[in-house]
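> Here's a sequence, model it:
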Amino acid sequence: MTPVTWSRQDVRRAAPTGAEIAVAAARRESVEAALAMLDAGGNAVDAAVACGFVAGVVEPMDTGVAGSGFMLIADPTSGEDLSVEFPPRAPLAATPDMYEVVSSDGAARLLGVSVVADDANSEGVLASGIPGTVAGLLAAHERRGRLPRAQVLEPAIRAAADGFPVDAYYALQALEHRDHLLAHPGAAAIFLDERGTPPVPAFLGSTTLGVAPLLRQPDLARSLEIVAARGHDGFYAGEIAAAIERHFAGHGGLITRADLAGYLPIIARPQRASYREIEILAPTSPSGALTEIQILRTLERFPATGDADALHVLAEASRWAFADRYHWLGDPDFVDVPLSGLLSDGHADATAERIRAGTPAPRADGLPWEVFAFRAASDPWTHDPGDPRPPYSTGRSASMATDHHGTTHFAVVDGDGMVVSCTHTAGNGFGSKVVADGTGLLFDAAMVWFNATPGAANSIAPGKRPLVNMGPLVLKRDGRPCLAVGAPGGRRIISALVQVVTGVVDAGVTIQEAICAPRIDASGTALLASERLGARTIDALRDRGHDVVSVREEHEPFSYEFARPVGVEVTSDGTRRAAVDPLTVGHAVAG
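Modelled structure (predicted):
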């Protein structure tokens with residue numbers, strides 16, 4: 001056969017720049033809500049909270065008001081940085097053995113969940129955790145916002161009451177989940193049309209060739225009006241809480257008014273680390289950000305060359321970190337977690353030395369999140385200032401959550417240089433598919449993040465936080481915020497954000513260029529590599545012993561193969577820049 005050359009997509013996107021503000025988010029409605037708050041004299045927190053509530057309305061396929069997440073706030077004016085954490089928690093009636101674990105047959109399924117009978121941890125009333133999004137967004141606003149609460153929630157109320165235009169991304173997601181939505185009449189009545197199919201978008205173009213249908217959510221609008229009037233108690237007590245308890249009790253679920261009344265967000269100083277003289281801020285709860293820091297701490301022990309050797313180091317550093325993640329990380333309120341050891345100089349030095357010596361990171365004889373849950377690849381306790389502890393368990397293997405979709409991220413910087421980075425999620429496409437009657441609230445599938453077998457670090461316990469993949473970061477240079485970034489994309493969030501950070505810090509490119517660059521991912525069984533890296537680089541990785549799967553990226557909109565980063569950047573001269581993934585729905589603005 002005659003050798004041929006295929007055309008390849010040139011992936012790029014223009015990033016807006018400005019001198020005062022920048023906003024990046026998945027949906028235009030979310031960005032417009034943020035801009036409205038900034039125009040009204042609000043700050044980055046007002047903008048982000050408005051953006052977050054609107055996202056919970058217009059992105060039901062990815063997130064929701066009854067979900068969970070993390071928000072990082074870096075304020076150069078006050079010098080007080082905050083991590084506002086609203087993680088999911090297991091209901092108080094949850095038990096470690098509440099699901100029947102079934103074999104995964106060694107294959108990561110499309111939804112990427114712990115494999116249990118009837119998918120009960122990803123769909124239905126037993127899949128939902130105690131929702132934290134309302135509590136978290138309100139807490140951030142109360143502590144750092146300027147504008148009245150009702151003003152900040154008004155765009156979300158309007159979006160729910162008036163409707164948002166359905167586009168191709170929504171239609172494809174609803175079509176993928178159609179059978180599951182139909183199994184839950186409350187969700188089907190909102191998210192499908194009277195024929196039980198997704199609303200049809202204006203496929204040929206809504207400017208001149210059609211008008212997109214509007215998806216209205218009047219019950220959700222009323223719930224948001226109650227929250228606007230009463231704040232935290234409007235959601236976690238009173239008629240909304242009663243309706244939630246009534247729905248879950250009536251359908252065999254676990255969430256009660258006691259669960260809701262006891263939920264409080266975590267307001268903490270961010271987890272701090274460094275990477276090549278850059279300070280990193282991250283959430284403190286079990287999340288993807290902790291693994292991102294661990295990978296970066298190893299990478300800074302190598303030169304930033306940007307060639308195939310650097311990709312090999314990244315792959316090996318990632319494999320070691322993911323093996324540690326799948327074994328050691330869990331809710332430190334329930335299990336001993338050697339976090340200081342995992343993020344220590346000693347552990348990073350030891351990992352770097354293994355890579356230099358050619359000692360390959362451990363390969364799992366199955367799915368890594370199953371195998372390493374009960375088999376430690378390293379002993380970070382030797383680098384922890386506390387007393388060494390034994391592994392959590394030596395029981396049978398179990399699966400760990402690796403969600404496919406159901407997450408959004410947005411970032412804001414205001415005129416004072418305050419930066420906000422926020423990820424929130426439903427844990428799955430259209431969450432658990434459960435809508436509490438009369439509330440319009442679509443509940444998440446948070447229980448999917450737990451290990452479904454007892455005895456592991458991330459196993460289920462009442463009130464426990466699961467290990468989630470969300471990993472928002474804020475970077476600071478010379479004490480001032482310079483980058484806020486996050487992504488949807490399951491466990492692949494972690495590798496994506498590491499490579500955005502190294503692109504900006506090591507390669508010196510803009511955030512948009514870093515997001516557009518071809519990436520690898522080593523979180524699973526094979527090393528995924530973008531075809532845009534080129535055959536020579538991919539062959540070089542294979543020569544270094546990696547089982548490489550070349551991922552086609554041409555004409556693949558909405559892909560989650562390498563996650564979908566979103567962020568804002570502040571350059572050394574104060575220029576604001578906003579950026580979104582070029583292969584998906586996303587909107588960025590600066591001025």
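
> Let's check: the centremost residue of this protein is which one?
Met470 (3.1 Å; C-alpha atoms, centre = their mean).

> ok, Ala540 touching Ala308?
Yes. Counting by C-beta atoms under 8 Å, Ala540 does reach Ala308; the two are 3.8 Å apart. C-beta here means a position set from N, CA and C on the backbone, and glycine is covered the same way.

> hmm, back to that, and the residue nearest to the centre of the chain, how far from Asp97?
26 Å (C-beta to C-beta, to the nearest Å).

> on that earlier part again, list the contacts for the residue nearest to the centre of the chain?
Gly69, Phe70, Pro283, Ser287, Gly288, Ala289, Thr407, Thr423, His424, Thr425, Gly486, Ile493 (C-beta atoms under 8 Å, 6 or more residues apart in numbering).

> Could you tell me how many residues sit around Leu367?
23 (other C-beta atoms under 10 Å).

> An error on my part: the question was meant for Ala117.
11.

> same deal with Asp333?
12.

> same deal with the one 4 residues further on?
Neighbours of Val337 under the rule other C-beta under 10 Å: 22.

> Repeat that for Ala445.
Neighbours of Ala445 (other C-beta under 10 Å): 32.

> swap in Asp307?
Asp307: 9 neighbours (other C-beta under 10 Å).

> Tell me how the chain divides into domains.
Listed by automatic domain parsing, the domain ranges of the chain are 164-215, 285-383.

> hey, least reliable of those domains by pLDDT?
Confidence, taken as mean pLDDT, is least for domain 164-215 of these (a mean of 89).

> And the residue nearest to the centre of the chain, its phi and psi?
phi -50, psi 140 (degrees, to the nearest 10).

> Which residue is the nearest non-sequential neighbour of it?
Thr423 (4.3 Å; C-beta to C-beta, 6 or more residues apart in numbering).

> ditto for Leu175
For Leu175, the spatially nearest residue (C-beta to C-beta, 6+ apart) is Pro198, at 5.2 Å.

> need the contact list for the one you found.
Pro198 is in contact with Val166, Tyr170, Ala171, Ala174, Leu175, Arg178, Phe191, Leu192, counting by C-beta under 8 Å, 6+ apart.

> And it, how far from Ala168?
For Pro198, the distance to Ala168 - C-beta to C-beta - is 10 Å.

> repeat for Asp119
Asp119 sits 26 Å away from Ala168, going by C-beta to C-beta.

> What of Val45?
32 Å.

> what about the two, which has more around it?
With neighbours defined as other C-beta under 10 Å, Val45 and Ala168 compare such that Val45 has more, 29 against 15.

> Then that one would be within a helix, right?
Yes. Assigned with DSSP: H, G, I helix; E, B strand; the rest coil, Val45 falls within a helix.

> Name the nearest residue to it, ignoring sequence neighbours.
Arg144 (4.1 Å).

> per-residue pLDDT, the one you found?
In the predicted model, Arg144 carries a pLDDT score of 97.

> repeat for Arg12
For Arg12, the pLDDT comes out at 84.

> go on, Ser399?
In this model, Ser399 carries a pLDDT of 35.

> Is Val589 in a helix, a strand, or coil?
Applying three-state DSSP: Val589 is strand.

> State the distance from it to Ala50.
For Val589 relative to Ala50 (C-beta to C-beta), the value is 14 Å.

> higher neighbour count, these two?
The residue with more neighbours, out of Val589 and Ala50 and counting by other C-beta under 10 Å, is Ala50; that gives 31 against 18.

> Run through the residues that contact the more buried one.
Ala33, Ala34, Ala36, Met37, Gly42, Val152, Leu153, Pro155, Ala156.

> Now the third one: closest residue in space, sequence neighbours ignored.
What it means is Ala36. In space, Ala36 is closest to Pro155, 6.2 Å off (C-beta to C-beta, 6+ apart).

> Ok, the last one next?
Closest residue to Ala156 in three dimensions, ignoring its sequence neighbours and counting by C-beta to C-beta, 6+ apart: Phe53, at 3.7 Å.

> What's the separation between that neighbour and Arg149?
Computed as C-beta to C-beta, the Phe53 to Arg149 distance reads 10 Å.

> Give me the more crowded residue out of the two.
The residue with more neighbours, out of Phe53 and Arg149, is Phe53; 28 against 18, by other C-beta under 10 Å.

> where's the more buried one, which helix or strand?
For Phe53, the element it lies in under DSSP states H and E is helix 44-58.

> pull the CA atoms of that helix into PDB?
Output of helix 44-58 as PDB, limited to C-alpha atoms (Å, rounded to 0.1, in the frame of the first residue of the first chain):
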ATOM      1  CA  ALA A  44     -15.500  37.700  41.800                       C
ATOM      2  CA  VAL A  45     -17.300  35.800  44.500                       C
ATOM      3  CA  ASP A  46     -20.700  37.400  43.600                       C
ATOM      4  CA  ALA A  47     -20.000  36.600  40.000                       C
ATOM      5  CA  ALA A  48     -18.900  33.000  40.700                       C
ATOM      6  CA  VAL A  49     -21.900  32.300  42.900                       C
ATOM      7  CA  ALA A  50     -24.300  33.600  40.300                       C
ATOM      8  CA  CYS A  51     -22.500  31.600  37.700                       C
ATOM      9  CA  GLY A  52     -22.700  28.500  39.900                       C
ATOM     10  CA  PHE A  53     -26.400  28.700  40.500                       C
ATOM     11  CA  VAL A  54     -27.100  29.300  36.800                       C
ATOM     12  CA  ALA A  55     -25.000  26.300  35.900                       C
ATOM     13  CA  GLY A  56     -27.100  24.200  38.200                       C
ATOM     14  CA  VAL A  57     -30.100  25.200  36.100                       C
ATOM     15  CA  VAL A  58     -28.800  25.200  32.500                       C
END
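
> which ones among the contacts of Met470 are found in strands?
Gly69, Phe70, Thr407, Thr423, His424, Thr425, Gly486 (DSSP state E).

> Show me what counts as buried in stretch 231-248.
Gly231, His232, Gly234, Phe235, Tyr236, Ile240, Ala241, Ala243, Ile244, Glu245, His247, Phe248 (16 or more other C-beta atoms under 10 Å).

> pretty sure Ala188 is touching His177, no?
No. Under the criterion of C-beta under 8 Å, Ala188 makes no contact with His177, lying 10.3 Å away.

> what about Val11, distance to Gly250?
From Val11 to Gly250 the distance is 49 Å (C-beta to C-beta).
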